[in-house]
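# Take this sequence and fold it.
(2 chains)
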Amino acid sequence: MSTRIIAVINQKGGVGKTTITSNLAYALALQNYKITVIDLDPQGHLAISLGLTSPYQSGIDAVMLEGVNINEKIITVRPNLQLVAAGPNLQELEQLTASGVKSSYLLRDALTNTLQDQDFIFIDCPPSSGVLVANALFATHELLIPMSSDFLALQGLSHLMGTVKRFEQVLNKPYSIRLVMSRYVTSRRISRQVLDKLLSYFPNQILDVLIKEMAAIAESPSFGETILEYRSKSQAAKDFKRLAHVFLENKVMS
Amino acid sequence: MKDKESLIGYDPLAWMASESEVDSESPLDNSGTPEDITENTEAGVEEISQLEVNKDDDWFDGTELDDIAFSFNESTVEQDDSGTDLPDHDSLVAIESVSTTENEKLETPVNNHLILDKVLNIQSVDGLKVKLLAILQHHDVVDIDASNVMIIDTANLQVLIALKLMSIQENKTINFDFPSEKFIEAAKLLNLYELLALDETVAGFF
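Okay, the predicted model is just below:
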């Protein structure tokens, strides 16, 4: 099976991209899939979520800015799970306007003929729409879009889909898109209405799981742990185990 | 009929419904050669990269105003006596003749008042152009309510500029009523504030 590269993407911040990336990746690693996660967000939260707190740890920034081989920046963080951190200089990539088009291919080129022993590569994208996101969109054809269940998330998704459709036109190839409901608050009516709205626009594209808003999910990164380690028997942990299941089986809501 | 129980008023995804109809008529094909894709990709990325307005970039200054204002066509610019750069008459006729076909599909506008949406982006620019051309065809004075605008991109500003210049050429008037602070901010960023004749004193009034 060839390596699947998935961009975890949403231009709106706070929807759970890093949370989804770290916890889904670990859930899959527990099932003996070989996983690499790449932190493409200059904030560097993915590394912190997995226990790496050094702000000086270089990673994908060196790969993309200096041409360092990506294999040199891999850090094994868990069995079957390895990380390429963002690095302290990743923000500089957004300034590479002089390079024009070529600055958007850097990640794709870095991943070409590398990490071929991996089952999945997840790219944790930043909450923006610049060169870094363009790199992710060129590097993959699979998008996993975390969606929170509030109105502004719909607005953010609208903007993202506009960008995605432009890329599809340029590349002349459609993306495989899956949405996952994240930070879902079951007690709010608007949560269900937002979900229904999404189901109307994205039939058979929403993974069949609701990642519910739980305090433990917000707590676990401070300990450098995934929810599966922090509160392994919690509802949140169950949600992410189910996420791994529906992701692998491509089970979607109808 | 709007559901009274709905907690979602404005639907930001509504444009996708019409897009899906277009996509079904002309689906993406994978028949391009790698060279074709690369060539399209490079051209497309340039286009995509220009969609993002970066305040730190000096990609636009006043000397590029002509290029932006006349992006509907590729005509050269004539100087009138006032020194204002204007599209030539043939170009305006070309714009109107193209848009007439589109306007034939629209009913004659009832009034000369247009309320701009909160979000004016690449998805809305074609619709905006059609609406404004239709109103301008039938009225000598057009009032554009810009009080709701929260986001406006360069494509939509290009439309407004082109229509403003067209109105000047035709001795018609386009007024921007109560422009929002975001609208003014975007216009100033691109040095279009004076050309659009905006009145900052009433910005954010609503």
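# where along chain B do the strands fall?
With DSSP state E applied, chain B shows strands at B:77-79, B:85-87, B:113-115, B:119-120, B:141-145, B:151-152, B:173-177, listed in chain order.
# Need these in TSV (columns: distance to chain A).
For glycine as for every other residue, the C-beta is placed from the backbone atoms N, C-alpha and C. What follows is the strands of chain B, written out as TSV (distance: least, Cβ to the nearest Cβ, whole Å):
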stretch	distance to chain A
strand B:77-79	27
strand B:85-87	28
strand B:113-115	19
strand B:119-120	8
strand B:141-145	21
strand B:151-152	9
strand B:173-177	24
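# Looking at these, which is nearest to residue A:162?
Across these, residue A:162 has its closest neighbour in strand B:119-120 (10.2 Å, Cβ to Cβ).
# of the strands of chain B, which approaches residue A:172 most closely?
Closest of the strands of chain B to residue A:172 is strand B:119-120, at 27.4 Å (criterion: Cβ to Cβ).
# circling back to that earlier point, quick one: which of the strands of chain B has the weakest pLDDT on average?
Summarising mean pLDDT across the strands of chain B, the least confident stretch is strand B:77-79, with a mean of 33.
# ok, back up a step: so can I have CSV of the strands of chain B showing mean neighbour count?
Shown next, in CSV, are the strands of chain B (neighbours: other Cβ atoms under 10 Å in any protein chain shown):
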stretch, mean neighbour count
strand B:77-79, 13
strand B:85-87, 19
strand B:113-115, 15
strand B:119-120, 22
strand B:141-145, 19
strand B:151-152, 22
strand B:173-177, 19
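# Please convert those to CSV, extending it with distance to residue A:3.
As requested, the strands of chain B are arranged in CSV below (distance: least, Cβ to Cβ, whole Å):
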stretch, distance to residue A:3
strand B:77-79, 53
strand B:85-87, 53
strand B:113-115, 50
strand B:119-120, 37
strand B:141-145, 52
strand B:151-152, 37
strand B:173-177, 53
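# Next, count neighbours for the closest residue to chain B within the stretch 51-200 of chain A.
Across the stretch 51-200 of chain A, the shortest distance to chain B (Cβ to the nearest Cβ) belongs to residue A:170, at 2.8 Å. Residue A:170 has 20 neighbouring residues, counting by other Cβ atoms under 10 Å in any protein chain shown.
# where does the stretch 1-150 of chain A have low pLDDT?
A:1, A:96-102 (pLDDT under 70).
# Helices of the chain, start to end?
Using chain A here. Using DSSP state H, the helices found in chain A span residues A:17-30, A:45-49, A:60-66, A:106-111, A:131-139, A:151-171, A:189-201, A:215-219, A:227-230, A:235-249.
# hmm, I had chain B in mind actually
Secondary structure of chain B (DSSP H): helices at B:14-25, B:34-49, B:65-69, B:89-103, B:125-138, B:154-169, B:181-189.
# ok, is the last one in contact with chain A or not?
I take that to be helix B:181-189. No: using Cβ under 8 Å from any Cβ of the partner chain, helix B:181-189 never reaches chain A; the gap is at least 14.5 Å.
# tell me which residues of that helix are tucked away?
B:182, B:183, B:184, B:186, B:187 (16 or more other Cβ atoms under 10 Å in any protein chain shown).
# Let me see the contact set for the last one.
Same thing as residue B:187. Contact analysis of residue B:187 by Cβ atoms under 8 Å, 6 or more residues apart in numbering or on different chains lists B:157, B:179, B:193, B:196, B:198.
# Kindly give the local confidence score, pLDDT, for it.
If you check residue B:187, the pLDDT there is 87.
# The closest residue in space to it that isn't next to it in sequence: neighbouring residues, count only.
Nearest-residue entry for residue B:187: residue B:193, 4.6 Å, with adjacent residues in sequence omitted and distances by Cβ to Cβ, 6 or more residues apart in numbering or on different chains. Burial measure for residue B:193: 18 neighbouring residues, criterion other Cβ under 10 Å.
# Might one say that residue B:193 is in contact with residue B:184?
Yes: applying Cβ atoms under 8 Å as the test, residue B:193 and residue B:184 come out as touching, 6.7 Å apart.
# So, low pLDDT: which residues of chain B?
B:1-4, B:19-110, B:200-206.
# Could you single out the most deeply buried of the helices of chain A?
When neighbours are counted by mean count of other Cβ atoms under 10 Å in any protein chain shown, the highest per-stretch mean among the helices of chain A falls to helix A:17-30, a mean of 26.
# picking that back up, residue A:74 is nearest to which of the helices of chain A?
helix A:60-66 (10.1 Å).
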